[in-house]
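Visitor: structure, please.
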Amino acid sequence: MRRLAIGFVGLGVLGLLSSACSPSSASTETTTGGNSASTTGGSSNTAATGGTTATTGGLPATSGGSTSTTGGNATTGGSSTSGGAPASTGGSAPKGGAPGGGGTMGSSGPPPPIGGFAVTVPASAIGAKDPTCGVQAFKRERKPTEMILVLDRSASMKDKPANGTMAKWDIVKPAIVGVIQATNTSLSWGLKLYPEGKDTGSCEPETIVPLIHVPVAANNATTVIAAINATTPEGDGTPTGDAIKFATDHLKSRMNDNPKFILLATDGDPSCPDGDNAVTYAVTNIAAALSAGFPTFVIGVDTSKDTSVTRLNQMAMAGGRPRPVTATSPAAFYLASTQADLTMALQQITGQVASCVFELTPPPPVPDNIAVDFNGQRTPHDPTRMNGWEYTSADHTSLQVYGSYCDKIKTEAMNAVEIKYGCPNVPIPVPM
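Guide: Predicted coordinates:
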C-alpha cells in the first residue's frame, strides 16, 4: 500500500494553531499611568496600578493618580499614553483641591481574554512576510479498496468457447490469478466460489451455502490464488443470486468504511431458483448490494447467446458499474472469450476501483487553503472530479484524487504525496 509523506512545517509558538493562523504585529507598546501632583504643600504619589506595560492588548490601569495629602490640587489623573486602558478614577483633593481628570484611552490592541494572557508574536516568526505561516503536512494512507470475487465453478465452465481450443475454466484461471497477483498491494481480495459440491443435482440445498472461501483481507493474493488453483469446475446449477447475497453479507460484516466491490465472473444465465425467477432473483440481489454501497462488475465468459447477453446486461446495469453500450458493443457487461480478453477486462475493472481516497484527520482549519502535492508537483483542485482532487464530503474529512493524478499514485513506486494545510490568505508554497 502506498503511503503519504509526513512532516510539520513548524510554527513553534506555544504550540497553538490558533496563534499560528492569526499573524500579529511585531511591535509592542508601553503605557504609563500618570502621577497626581499637588501644587501647594501636597506630596505627589504615583498611581497604584497604572503604568503597566501592555504588549498586544495589555492589562488596564485600575486607578488614576492618588490624592495629595494636604490641600493640593491634583492637576491630572493617571493617563495612558498608548496601549493602556483609561484610569478609572481621577485624583481627588479632600481639602480645597479640585479632582483630577480621568486617564485617556490608549491606541493599542484589545484587552486579553478573561483568564488568559496576551502574547506578542514577532513578525519574523509568522505573518504575511512568511510564506510558511501555518503550513502542516500530514501522513495519510490511501484507503484500501476491498474486492470479493464471486466465481462460477459450474460444470459448464469445462466447455470450450466456440472456435476455442481451451476450456473456459482454463481461460479464466490464469487471467484471474495474474491480475490478483498484480494488484495485491492496491486491492484487498476475497473469494466466494459457487455452486458447492459435485454431482449433487441442480439447485439442491447443499449447493447453496453461505460459505466465504477466502474472507477479504489485505495482501491476500497468495491465499486467494491457492484456493482458485485447488478448485475444479464441477458444480451443478448456477445459483448466482444466492452467491451475490452471501458476498454482500460478508462485505456488510466488514466494519470499516473502505470502498467495497463485488466482481462476478460467470459463463451464463443464473438457474437457481428454477426458471425465469433465477434472473429476477439475481438482479434483485445485485441491486440490493448496490444499495448497501457495494457495486458489482459483471464478466461474461464466452457469453454470446442473445438471451444470455440480455440477462447479463440486466445484471450489469443493476450492479451500477456497466460498460458503455454502443452500436458496435451492445454488452453492458465485460465480455471475454479469450485469456487476453479476460485479462484486459480485469485490468480495466481493477484500475477503476483502486482507491485514491485519503482521510483528513483532523479536517483542514481552512478548507479553501489546502494543497495536494505528488512527486514534487502540485495536484490541482478539480470540483468536476475529472483530473485533480476534490473533497468527498461536506465535512472535509476525506478527499479523492481523480484522473491521471490518481493513475500515477496507483502505479508509480515513488509516490510521495503530501497533503498540506495553510492559513487564511497565505498561499501554500509550490514544491520546488
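Visitor: OK, contacts around the residue nearest to C406 when sequence neighbours are not counted?
Guide: Counting by CB to CB, 6 or more residues apart in numbering, C356 is the residue found nearest to C406 once chain neighbours are left out, at 3.8 Å. For the C-beta atoms, the positions are set from N, CA and C on the backbone; glycine is no exception. Contacts here follow CB atoms under 8 Å, 6 or more residues apart in numbering; on that basis C356 touches R142, Q400, V401, Y402, Y405, C406, I409, K410.
Visitor: what comes up buried for whatever helix or strand K408 lives in?
Guide: Here K408, judged by DSSP states H and E, is contained in helix 403-411. The neighbour-count check on helix 403-411 (16 or more other CB atoms under 10 Å) flags G403, Y405, C406, K408, I409, K410 as buried.
Visitor: one more: stretch 265-278?
Guide: A265, T266, D267, G268, D269, P270, S271, C272, P273, A278.
Visitor: looking at those residues, spot the one nearest V209.
Guide: Nearest to V209 out of those is C272 (CB to CB; 12.5 Å).
Visitor: can you check the pLDDT for that closest one?
Guide: You'll see C272 listed with a pLDDT of 93.
Visitor: if I look at it, how far off is I212?
Guide: Look at C272 and I212: by CB to CB, to the nearest Å, they are 19 Å apart.
Visitor: hmm, back to that, list just the nearest of the buried residues of helix 403-411 to A227.
Guide: Relative to A227, the closest of those is K410; by CB to CB it sits at 25.6 Å.
Visitor: which residue, other than its chain neighbours, is closest to the closest one?
Guide: Using CB to CB, 6+ apart, the closest residue to K410 is A354 (4.9 Å).
Visitor: got a pLDDT number for the one you found?
Guide: 77.
Visitor: I'd say it and S186 touch.
Guide: Yes: in terms of CB atoms under 8 Å, A354 counts as a neighbour of S186; the distance is 4.4 Å.
Visitor: now for those two: what residues contact both?
Guide: Shared contacts of A354 and S186 (CB under 8 Å, 6+ apart): T145, K410.
Visitor: can you pull out the strands in the protein?
Guide: Along the chain, counting by DSSP state E, strands occupy 7-8, 136-138, 145-152, 187-194, 214-217, 260-266, 296-301, 334-336, 357-359, 370-374, 377-379, 389-391, 398-401, 417-421.
Visitor: okay if I get those as TSV plus distance to R254 and mean pLDDT?
Guide: Listed next are these as TSV, based on distance: least, CB to CB, whole Å; pLDDT from 0 to 100:
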stretch	distance to R254	mean pLDDT
strand 7-8	32	36
strand 136-138	25	81
strand 145-152	7	96
strand 187-194	9	96
strand 214-217	6	98
strand 260-266	7	96
strand 296-301	16	95
strand 334-336	25	90
strand 357-359	16	85
strand 370-374	28	91
strand 377-379	29	91
strand 389-391	24	95
strand 398-401	18	90
strand 417-421	25	88
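Visitor: which among the buried residues of stretch 265-278 gets closest to V135?
Guide: Nearest member of the buried residues of stretch 265-278 to V135, counting by CB to CB, is A265, at 47.5 Å.
Visitor: what's opposite the closest one in the beta bridge?
Guide: L151, I299 (DSSP bridges).
Visitor: ok, back up a step: which other residues reach the helix holding K408?
Guide: With contacts defined as CB under 8 Å, 6+ apart, helix 403-411 is touched by 2, 142, 186, 351, 354, 356, 374-375, 379, 382, 386-389, 400-401, 415, 417.
Visitor: again with stretch 330-342
Guide: Stretch 330-342 is contacted from outside by 161-162, 164, 166, 171-172, 174-176, 297-304, 309, 312-313, 315-317, 322-323, 325, 344-345, 348-349, using CB under 8 Å, 6+ apart.
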